[in-house]
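*Asks:* sequence plus the predicted model coming up.
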Amino acid sequence: MPISQKINYLRLAIVFAFAMAIHSARAAGANGGLPEYGAMSLILQGGIQIELAGIPPGTFLMGARPGSGEEAIASELERIHRHSAFSVNGQRYDETQRRVEITRPFYMGAHPITQAQYLAVMGPHDFHNQGSDLPADNISWIDAWAFCQKLSKLIGKNVRLPTEAEWEYACRAGTTTPYHTGDGITLEQANFRMGTPDGAMAAASPPLATTPAGSFPPNAWGLYDMHGNVEEWCADAYMVYDMDDTANPRVIGEYDHLYPRVARGGSFKYLPEIIRSASRAAIPPFTALETTGFRIVVSEQPDAIDADEAASMLRMCVRILTAGNEMPIDRRIQWIDYAYQFFRILHPNAPTTKYFTMWLSQKADPASIIDHLFNARMASMPAH
Ligand SMILES: [Ca+2]
């Protein structure tokens, strides 16, 4: 390990040790809330910053409180959506409460990734609500995952999506109520939709659009927009909670590439019932919606994507690339890049991108994939 890297690890260890010391000192506090501490800024190209809040390790109750009105809401949502398109094992809204331990501290983005930040890392994207301080929206799980991979390489740290447990733990910030704001939430506290379950909008409902970073107060751990605005991708595949998986749970997508991923916190379009700390949404990983965005985590633990997961994602990338539809050239290049990243997970020692091209041509219709790659290469060449 180079000395500079050793020093970085040491620095990280000191920060984590400091964070834990603060946590211990505050553990006896009245509300379990922590002040902002151990904050970190990542500086991107053009001086654009990503602010992160330090999150201490700890134990919490994940899910809806048994016997509470919240559990009744969760059960009703489950009943309504039992036969919906996104229903998984008939239980889209499983929120059965379990005790979960987060054993390691981590940093979490204070805000969802903004459009300016996304642009600085990934280049242009077809955002739905447009504005540099607005959260990046119209983001698929795969877009969010690829952002983390790219930023990891740029800054030399493990950047990844939060696990579902990390997300809820950080959202709650020591609270046990349906929202980190308490038993209820108002339009002064978050961006969501007031209305009734049958779709009628309340007169006080805000315009249905995302709001800029920092428009509402943060939770006790310095995190903004956990409830509402954009719903946020987590690393995990959606699954009914495993009551025995209680330390740093992370659900691997063990079925196929269409198996839904979890998005948390609800969005500007959702009713208050669906933006609760425990609320879960299940969305296929290649689906991008006007409501979907993400926030990052920086930690000592790398992304836990495994070979099966990478292989199924790679198959999907190839299928999309060879579907023969009219895809803009920059988007096609992006898909090839995504495919390449999954390929590297499966074949970390493959010597060159030529090997990747050969692999693709054997796995997919050779004529069309080579055509795609050729076009992509032409488009990426500087103009004369
Ligand atoms: Ca949110």
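*Replies:* Cool, got the structure.

*Asks:* for the residue nearest to T176 when sequence neighbours are not counted, give me its contacts.
*Replies:* Of all residues not flanking T176 in the chain, L61 sits nearest, at 6.4 Å (C-beta to C-beta, 6 or more residues apart in numbering). (Glycine included, C-beta is placed from N, CA and C.) Contacts for L61 (C-beta atoms under 8 Å, 6 or more residues apart in numbering) come out as Q97, R98, R99, V100, T176.

*Asks:* can you tell me which of the residues you listed are buried?
*Replies:* Neighbour counting over those (16 or more other C-beta atoms under 10 Å) leaves Q97, R98, V100 as the buried ones.

*Asks:* and the last one, which of the three is it?
*Replies:* Secondary structure of V100, reduced to three states by DSSP: H, G, I helix; E, B strand; the rest coil: strand.

*Asks:* any idea of the mean pLDDT in stretch 112-131?
*Replies:* For stretch 112-131, the mean per-residue pLDDT is 95.

*Asks:* before we move on, what about stretch 337-356?
*Replies:* Average pLDDT, stretch 337-356: 79.

*Asks:* can you start the count at 21 instead of 1 from here on
*Replies:* Will do, 21 is the new start, and the previous item becomes stretch 357-376.

*Asks:* got the end-to-end distance for it?
*Replies:* 11 Å (C-alpha to C-alpha, to the nearest Å).

*Asks:* returning to what we had before: did I read that right, the residue nearest to T196 in a strand?
*Replies:* Yes - according to three-state DSSP, L81 belongs to a strand.

*Asks:* just list whatever residues bridge to it.
*Replies:* R119 (DSSP bridges).

*Asks:* going by neighbour count, list what's buried in the strand or helix carrying F376.
*Replies:* Element membership for F376, per DSSP states H and E: helix 373-383. By neighbour count on 16+ other C-beta under 10 Å, the buried set for helix 373-383 is F376, T377, W379, L380.

*Asks:* let me know the pLDDT of the last one.
*Replies:* L380 is assigned 73 on the pLDDT scale.

*Asks:* where do the helices sit along the stretch 221-370 of the chain?
*Replies:* For the stretch 221-370 of the chain, applying DSSP state H, counting those that start in this stretch gives helices covering 327-341, 349-366.

*Asks:* and the angle for the shortest one with helix 349-366?
*Replies:* In terms of direction (axes from the mean of the first three to the mean of the last three C-alpha atoms, to 10 degrees), helix 327-341 departs from helix 349-366 by 160 degrees.

*Asks:* and the angle for helix 327-341 with helix 373-383?
*Replies:* Using the same axes, to 10 degrees: helix 327-341 against helix 373-383 is 80 degrees.

*Asks:* output the contacting helices and strands for helix 327-341.
*Replies:* helix 349-366, helix 373-383, helix 386-400 (3 or more C-beta pairs under 8 Å, 6 or more residues apart in numbering; DSSP states H and E).

*Asks:* try it again with 7 Å
*Replies:* helix 349-366 (3 or more C-beta pairs under 7 Å, 6 or more residues apart in numbering; DSSP states H and E).

*Asks:* likewise the last one?
*Replies:* Using 3+ C-beta pairs under 7 Å, 6+ apart as the contact criterion, the elements in contact with helix 349-366 are helix 161-175, helix 327-341, helix 373-383, helix 386-400.

*Asks:* in which helix or strand does the nearest residue to G74 once chain neighbours are set aside reside?
*Replies:* Excluding its sequence neighbours, the residue lying closest to G74 (C-beta to C-beta, 6+ apart) is G58, at 2.8 Å. Using DSSP H and E, G58 falls within no helix or strand.

*Asks:* low-confidence ranges in the stretch 271-404 of the chain?
*Replies:* 273-278, 324, 344-345, 372, 383-404 (pLDDT under 70).

*Asks:* can you tell me which residues in it are near the ion?
*Replies:* G285 (C-beta under 5 Å from the ion).

*Asks:* related to what we said a few turns ago, from the buried ones among the contacts of L81, which is closest to the ion?
*Replies:* V120 (20.3 Å; C-beta to the ion).

*Asks:* before we move on, the earlier item: quick check: pLDDT value at the residue nearest to T196.
*Replies:* For L81, the pLDDT comes out at 97.

*Asks:* tell me the contacts of the closest residue to V271 other than its chain neighbours?
*Replies:* Excluding its sequence neighbours, the residue lying closest to V271 (C-beta to C-beta, 6+ apart) is D256, at 4.1 Å. D256 sits next to T183, E184, R270, V271, R281, V282 when contact means C-beta atoms under 7 Å, 6 or more residues apart in numbering.

*Asks:* how near is the last one to F363?
*Replies:* So that's V282. 25 Å (C-beta to C-beta, to the nearest Å).

*Asks:* also R180?
*Replies:* For R180, the distance to F363 equals 19 Å [C-beta to C-beta].

*Asks:* dig out what the residue nearest in space to the middle of the chain forms beta bridges with.
*Replies:* Note on the chain: the residue nearest the mean C-alpha position is W253, at 3.0 Å, using C-alpha atoms, centre = their mean. Listed beta-bridge partners, W253: A283 (assigned using DSSP bridges).

*Asks:* test my guess that it contacts D163.
*Replies:* No - with contact defined as C-beta atoms under 7 Å, W253 and D163 do not form a contacting pair (8.7 Å).

*Asks:* tell me the contacts of D245?
*Replies:* Per C-beta under 7 Å, 6+ apart, neighbours of D245: H131, P132, F236.

*Asks:* neighbour-wise, which one of the residues you listed leads?
*Replies:* P132 (29 neighbours; other C-beta atoms under 10 Å).

*Asks:* where does that residue sit: helix, strand or coil?
*Replies:* Assignment for P132 (three-state DSSP): coil.

*Asks:* show me the contacts for the closest residue to it other than its chain neighbours.
*Replies:* Using C-beta to C-beta, 6+ apart and skipping residues adjacent in sequence, the residue nearest P132 is P155, 3.9 Å away. Neighbour list for P155: P132, I133, T134, T230, N249, V250, G313 [criterion: C-beta under 7 Å, 6+ apart].
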